[in-house]
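Enquirer: Here's my sequence, what's the structure:
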Amino acid sequence: MMVMADKLYQGQDQTRRRGFLKWAGVSAFVLLAGCETMVPRGAEPAPTATPTQPSVTAGLPDDQKHHRIALLVPLSGKNAGVGQSLANATTMALLDTKAENIRMTSYDTAKGVTAAAQSAIRDGNKLIIGPLLSDNVVATANIARPAGVPILSFSNDSGVAGNNVYILGHIPSQSINRVVSYAKSKGMTRFAALVPNGVYGQRASSTLLRSVKDVGGTVVSIQTFNRDSKSIEAATKKLPQNGDFEAVLLADNGDMAIKAAPYIRNNASGTAKILGTDLWNTSSNLAGAPSMRGAWFASVSDSLYKQYADKYRARYGKAPFRLSSLGYDSVLLTVKVARDWKVGSPFPINKLTDKGGFIGLDGVFRFKTDGISERALEVQEIRSGSFAVIDPAPRGF
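Expert: Numbering: from 1, shown residues only. Here you go, the predicted structure:
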């Protein structure tokens with residue numbers, strides 16, 4: 001049974017909805033209420049999956065009826081699994097929206113991102129969706145910018161955004177801001193953090209300091225660790241042992257959080273609320289870890305994603321990568337923009353920064369002028385065997 005996506009908003013005032021939200025393909029965005037069991041967190045296939053979709057060679061014929069869109073993803077090599085999942089998601093979105101005026105061509109970045117980008121431009125594509133990795137985004141931008149072709153990348157590295165590059169990836173700093181703000185609303189003012197060594201940890205530390213300052217709180221300690229149990233234990237012991245903080249941010253993935261939580265629980269700061277980032281949203285192990293119960297983290301909503309995952313499994317016989325929702329949403333956005341886009345003309349970049357934003361599988365989002373996507377996030381709590389939404393994502397900006 002086909003269910004129109006705008007039915008998900010039945011009961012809401014139509015005028016209010018139009019006022020703050022631009023539906024990306026509202027009349028065509030279709031989700032199937034599948035009969036399969038919902039895909040659990042972390043049920044993504046192994047990243048070594050063999051791709052089934054080849055790249056398309058250059059030299060496409062002239063076409064006056066279709067917008068040409070290039071999809072740059074790895075369809076071979078070690079990242080072929082996630083690349084193919086993204087490609088499958090874009091195909092589903094094109095079919096669901098019945099977008100007959102869009103012609104999407106896939107290019108395999110694993111065979112050389114520069115060659116893929118050059119072929120995409122040579123073939124007359126007016127928009128590039130992808131690539132996946134931040135260094136590939138840089139290489140692609142060096143070719144696409146002189147041609148005036150914008151990029152909708154799947155990367156979450158804010159450092160590559162801007163100057164016609166827009167990133168769809170979920171920005172970790174936004175989830176930290178959201179969970180810190182929520183903790184402050186619950187009376188917490190003194191924060192600590194455990195962050196991994198490296199760029200991610202440095203950015204998490206900077207974001208925490210800024211977020212806590214913005215809400216009028218205090219950061220009493222930030223400790224770094226390597227990604228192993230011994231280092232995490234040592235870092236935890238360096239935190240104040242006198243209960244001097246009310247919340248501690250574990251800025252790493254779910255597996256690392258599970259390793260760190262028992263050390264926090266077993267020292268004098270054991271009553272501190274454990275906070276996490278959107279990296280936890282893809283971990284299937286968190287709900288089964290007793291030491292993680294009661295922890296909070298912020299992420300995009302999973303409500304629409306679960307419907308999509310059921311439909312994906314019905315079509316392709318396996319679970320999608322969580323990241324593939326970005327592929328689906330990139331097409332919804334493109335279809336919406338294409339309504340007023342003349343075939344053969346440059347992509348209307350100004351449409352991407354509409355302040356009202358768009359909506360997709362991951363909820364409401366919009367692009368800022370710096371090319372970074374801003375997303376409406378919810379706060380979830382880890383409970384015994386489950387996750388519960390304790391502060392829903394806003395429906396608009």
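
Enquirer: make it CA atoms for all contacts and neighbour counts henceforth
Expert: Noted.

Enquirer: Would you map the helices across the protein?
Expert: In the chain, helices defined by DSSP state H lie at 14-20, 80-97, 113-122, 134-144, 172-185, 199-214, 229-237, 254-265, 303-316, 325-338, listed in chain order.

Enquirer: Take these and lay them out in CSV including mean pLDDT.
Expert: Formatted as CSV, the entries for the helices of the chain read as follows, by pLDDT from 0 to 100:
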stretch, mean pLDDT
helix 14-20, 36
helix 80-97, 96
helix 113-122, 97
helix 134-144, 96
helix 172-185, 96
helix 199-214, 95
helix 229-237, 90
helix 254-265, 90
helix 303-316, 94
helix 325-338, 93
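
Enquirer: Could you dump the ones you listed into a markdown table and include distance to residue 353?
Expert: Listed next are the helices of the chain as a markdown table, based on distance: least, C-alpha to C-alpha, whole Å:
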| stretch | distance to residue 353 |
| --- | --- |
| helix 14-20 | 14 |
| helix 80-97 | 22 |
| helix 113-122 | 23 |
| helix 134-144 | 19 |
| helix 172-185 | 18 |
| helix 199-214 | 24 |
| helix 229-237 | 41 |
| helix 254-265 | 33 |
| helix 303-316 | 23 |
| helix 325-338 | 11 |
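
Enquirer: possible to save the ones you listed as JSON lines with mean neighbour count?
Expert: Shown next, in JSON lines, are the helices of the chain (neighbours: other C-alpha atoms under 10 Å):
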{"stretch": "helix 14-20", "mean neighbour count": "11"}
{"stretch": "helix 80-97", "mean neighbour count": "23"}
{"stretch": "helix 113-122", "mean neighbour count": "20"}
{"stretch": "helix 134-144", "mean neighbour count": "20"}
{"stretch": "helix 172-185", "mean neighbour count": "21"}
{"stretch": "helix 199-214", "mean neighbour count": "17"}
{"stretch": "helix 229-237", "mean neighbour count": "17"}
{"stretch": "helix 254-265", "mean neighbour count": "20"}
{"stretch": "helix 303-316", "mean neighbour count": "19"}
{"stretch": "helix 325-338", "mean neighbour count": "23"}
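
Enquirer: Relative to residue 66, which of those is closest?
Expert: Between residue 66 and those, the shortest gap by C-alpha to C-alpha is with helix 325-338, which sits at 9.9 Å.

Enquirer: what residues does that closest one touch?
Expert: Counting by C-alpha atoms under 8 Å, 6 or more residues apart in numbering, helix 325-338 makes contact with 23-25, 29, 67, 86-87, 89-94, 97, 99, 102, 129, 152, 154, 168-169, 305, 348, 351, 358-362, all of which sit outside it.

Enquirer: rewinding a little: which one, of the helices of the chain, ends up nearest to residue 291?
Expert: The closest of those to residue 291 is helix 254-265. By C-alpha to C-alpha, the value is 5.8 Å.

Enquirer: tell me what the closest one is packed against?
Expert: Applying 3 or more C-alpha pairs under 8 Å, 6 or more residues apart in numbering; DSSP states H and E, one finds that helix 254-265 makes contact with helix 229-237.

Enquirer: Map the structural domains onto the sequence of the chain.
Expert: What automatic domain parsing lists as the domains of the chain is 12-32+46-170+302-376, 172-299.

Enquirer: Distance check, residue 230 against residue 252.
Expert: Distance of residue 230 to residue 252, computed by C-alpha to C-alpha, to the nearest Å: 16 Å.

Enquirer: ok, what's across the strand from residue 190?
Expert: Beta-bridge pairing for residue 190 (DSSP bridges): residue 218.

Enquirer: That one: how many residues sit nearby?
Expert: The local packing of residue 190 (other C-alpha atoms under 10 Å) involves 20 other residues.

Enquirer: can you check the one 3 residues further on too?
Expert: As a burial measure, the neighbour count of residue 193 was computed by other C-alpha under 10 Å and equals 26.
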